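K.L.:
give me coordinates for this.
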Amino acid sequence: MAQNDDTDRSNKTLEPTEKKLNDARNKGDTPASRETGNLMVVVALTLIGLFALPAQTAPLVEAFAQLFDMSGRIVVGEGAAGLAQLDAVFSHFMIAVAVALAPIFLLLLGGAAMGVVIRGETVIALDRIKPKASNISPLSGLKRLFSADSLVEFLKSLLKVLAVGALAIWATYEAVSDMWTGPGFLPEKLPGYLAEAAVKLLLVVAALLVPITIFDIIWKRFDWIRKNRMSHKEVKDEHKELEGSPEIRAKRAQLRRQRSATAMATAVPMATVILTNPTRLAIALKYDRGSDAAPVCVAKGADYMARRIREIAFENDVPMVENVPLTRALYEVIEVDGTVPVEHWAVLAEIIGFVLDLESNLKGTLPANSMLMTDPR
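P.N.:
Next comes the predicted model:
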């Protein structure tokens, strides 16, 4: 079994297709980095320590001071009147506290939102919450435990713990040393001093987490692509599936018909003559004496398309000439935007000459096997 898994993985050397990646996303498998959330939390706490706390400390202290001051002066009655008095006092206090703490909560929410935005693709997939036997299988658990993902996560966690622990010890040592050795240190300066030391520690931790987060984003993307690599057989099967889908075939056929109809409606009115055989085939030819070396096919069709060519030609007064042998022969060899082969120039020269004579109100003669058509049906 292990040998088969290794062989299967070794065969998957091709980059995943967009369909394979979309299928993985639909199953909840995305290259999302969890380190971005940790980084943004630290950044939000740093901003709180630098800006929000200094600005909101005074309103918060004032709200508590007013509450303590009122506690010795207010008289609370009994029953409903007393409850109403307590409600008025605490409502004012809670509103003041909420206003003072609002910027702090907004910064935390903003940090969490930014962490979700930059962490990578986020999808909601029911497959993630469906019970699976592999989730409780000891063998699957051991494979996940000793996988490359687990190793990378362990190394990242170990690095973060060691680095943040060393930084915390360093910051604490510096803070305590400065506090005891500094001249004239007063107890009332302690809160501000501790806040300053905490912000300094958060700044250093944020700077440390930036390269770890960048590495984690790159690694997650690389590992996601690696896991979704495909074998030659998978690529061929996917191609067959897409090509063989009835919906895809129908959609492509519809698009081809729409493009053909649009091109035909534009090209046929510009044609010089329409060759028919008389009802099944139709070929629209354009010839400009000043610029074309030979007649050019601007549209052709069979059955329904042939009928549409004749109808558009009739609506736009484009001459239609029935010549069964010539139409059949040209239909097999000429493509749209292609020129008429040399071996058919002689017969076509007579037909086009006849058409041009008609436009000049001159009398001309159609070649053998040809007749002018007036009924588009």
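
K.L.:
show me where pLDDT drops low in the stretch 1-150 of the chain?
P.N.:
For the stretch 1-150 of the chain, residues meeting the criterion pLDDT under 70 lie at 1-10, 71-82, 85, 120-146, 148.

K.L.:
so which residues of it form helices?
P.N.:
2-11, 18-26, 35-47, 53-71, 79-118, 138-145, 148-181 (DSSP state H, counting those that start in this stretch).

K.L.:
next up, the contacts around the nearest residue to residue 63 once chain neighbours are set aside.
P.N.:
In this structure, residue 63 finds its nearest non-sequential neighbour in residue 96, 3.7 Å apart by CB to CB, 6 or more residues apart in numbering. Any C-beta I mention is one placed from the backbone N, CA and C, and that applies to glycine too. Neighbour list for residue 96: 59, 62, 63, 66 [criterion: CB atoms under 8 Å, 6 or more residues apart in numbering].

K.L.:
just name the most buried of the helices of the stretch 1-150 of the chain.
P.N.:
helix 35-47 (a mean of 21; mean count of other CB atoms under 10 Å).

K.L.:
what's that helix packed up against?
P.N.:
The helices and strands touching helix 35-47, judged by 3 or more CB pairs under 8 Å, 6 or more residues apart in numbering; DSSP states H and E, are helix 79-118, helix 190-227.

K.L.:
domains of the chain?
P.N.:
Each domain of the chain is listed here as a residue range: 2-236, 266-373, per automatic domain parsing.

K.L.:
how about those in CSV, adding distance to residue 252?
P.N.:
Below are these laid out as CSV (distance: least, CB to CB, whole Å):
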stretch, distance to residue 252
domain 2-236, 16
domain 266-373, 17
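
K.L.:
to residue 250, which of those lies closest?
P.N.:
domain 266-373 (16.9 Å; CB to CB).

K.L.:
contacting residues around stretch 285-303?
P.N.:
260, 263-264, 267-268, 270-275, 280-284, 308-309, 330-331, 334-340, 342, 345, 348, 352.

K.L.:
what about these, which are in helices?
P.N.:
Using DSSP state H, the members of these that fall in helices are 260, 263, 264, 267, 308, 309, 330, 331, 345, 348, 352.

K.L.:
I figured the first one was touching residue 304, is that so?
P.N.:
No: between residue 260 and residue 304 there is no contact, the gap being 10.8 Å when judged by CB atoms under 8 Å.

K.L.:
mind listing what the spatially closest residue to residue 198 that is not a sequence neighbour touches?
P.N.:
With sequence-adjacent residues excluded and distances taken as CB to CB, 6+ apart, residue 198 is closest to residue 49, at 6.0 Å. Contacts for residue 49 (CB under 8 Å, 6+ apart) come out as 195, 198, 199, 202.

K.L.:
check contacts around the closest residue in space to the last one that isn't next to it in sequence.
P.N.:
Distance criterion CB to CB, 6+ apart; nearest residue to residue 202, sequence neighbours excluded, is residue 46 at 4.2 Å. By CB under 8 Å, 6+ apart, the contact list for residue 46 reads 199, 202, 203, 206.

K.L.:
going through the residues you listed, which ones are buried?
P.N.:
199, 202, 206 (16 or more other CB atoms under 10 Å).

K.L.:
ok, now which ones touch the second one?
P.N.:
Right, residue 202. 42, 45, 46, 49.

K.L.:
how much space between residue 88 and residue 102?
P.N.:
22 Å (CB to CB, to the nearest Å).

K.L.:
er, residue 117 I mean
P.N.:
As for residue 117, its distance to residue 102 is 22 Å (criterion: CB to CB).

K.L.:
and if you look at residue 291?
P.N.:
Residue 291 is 75 Å from residue 102, by CB to CB.

K.L.:
can you put the helices and strands packed on helix 35-47 in CSV and add distance to residue 16?
P.N.:
Shown next, in CSV, are the helices and strands packed on helix 35-47 (distance: least, CB to CB, whole Å):
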stretch, distance to residue 16
helix 79-118, 23
helix 190-227, 6
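
K.L.:
for residue 239, find the nearest of those helices.
P.N.:
Nearest to residue 239, of all the helices and strands packed on helix 35-47, is helix 190-227, at 19.7 Å by CB to CB.

K.L.:
so which bits of that closest one are buried?
P.N.:
Under the neighbour-count criterion of 16+ other CB under 10 Å, helix 190-227 has 197-202, 204-206, 208-209, 212-213, 216-217, 219-221, 224 buried.

K.L.:
what's the answer for stretch 328-346, then?
P.N.:
330, 331, 334, 336, 339, 340, 344.

K.L.:
need the max-distance pair from the residues you listed.
P.N.:
Spatial extent of the buried residues of stretch 328-346 (CB to CB) is set by the pair 336 and 344 at 16.5 Å.

K.L.:
residue contacts, the residue lying closest to residue 160 once chain neighbours are set aside?
P.N.:
Once flanking residues are discounted, residue 160 sits nearest to residue 212: 6.7 Å by CB to CB, 6+ apart. Contacts for residue 212 (CB under 8 Å, 6+ apart) come out as 35, 39, 156, 159, 160.

K.L.:
list the residues that contact the fourth one.
P.N.:
It stands for residue 159. Residue 159 neighbours (CB under 8 Å, 6+ apart): residue 212.

K.L.:
noted, bye for now.
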